[in-house]
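K.L.:
I would like to see how this sequence folds:
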Amino acid sequence: MTAPTSPRIDQHPDIVALRAYSEETTSTPVAQAVEALALLCGVYLAASPWIVGFNGATTLSVNNLITGIAFACLVGGFGHAYERTHAMSWAALCLAVWTIITPWVVSGHPFTTGAAVSNVIVGAVGCLVALALAGMGVRRAR
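P.N.:
Have a look, this model is predicted:
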């Protein structure tokens with residue numbers, strides 16, 4: 001006697017519909033541009049201490065490196081698995097807000113004006129793209 005075969009969960013109609021919806025959401029040129037801009041924000045944030053020249057402020061440099069890598073990793077998954085990762089755009093928003101306030105919160109070596117300007121600009125752009133990524137799913141649901 002053989003065991004009854006159960007249907008595979010990945011073939012469930014709701015899962016198939018969710019994947020089709022997610023693929024449709026992320027396949028637009030605007031969605032791809034927003035994801036690319038978000039990825040560039042993370043890469044720039046990680047490299048900004050050496051680009052802007054405040055790598056002497058080790059606390060802020062290490063913070064930007066870690067935050068930039070985390071931001072890039074968070075937004076890097078949206079294109080491949082949006083149905084499972086779109087909720088992480090809120091975490092990316094928190095990282096972007098943290099980027100804006102970091103020069104004044106992180107103690108240690110005094111930062112330069114370039115560090116503050118760089119962090120505020122990349123944090124603001126990061127906030128905008130994180131909100132755009134979070135809004136993609138909300139807009140499509142309506």
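K.L.:
give the buried residues for stretch 67-80.
P.N.:
Going by neighbour count (16 or more other CB atoms under 10 Å), the buried part of stretch 67-80 is 67, 68, 70, 71, 72, 74, 75, 78. Quick note: C-beta positions are derived from backbone N, CA and C, even for glycine.
K.L.:
from these, which land in helices?
P.N.:
Those of those mapping onto helices are 67, 68, 70, 71, 72, 74, 75, per DSSP state H.
K.L.:
out of the buried residues of stretch 67-80, flag the one nearest to residue 96.
P.N.:
Set against residue 96, the nearest of these by CB to CB is residue 71 (7.1 Å).
K.L.:
I'd like the next helix or strand past the helix or strand containing residue 92.
P.N.:
In this structure, residue 92 sits in helix 89-105 according to DSSP states H and E. As assigned by DSSP H and E, the chain's next helix or strand after helix 89-105 is helix 113-141.
K.L.:
name the helices or strands packed onto that next one?
P.N.:
Counting contacts by 3 or more CB pairs under 8 Å, 6 or more residues apart in numbering; DSSP states H and E, helix 113-141 is packed against helix 13-26, helix 29-48, helix 58-76, helix 89-105.
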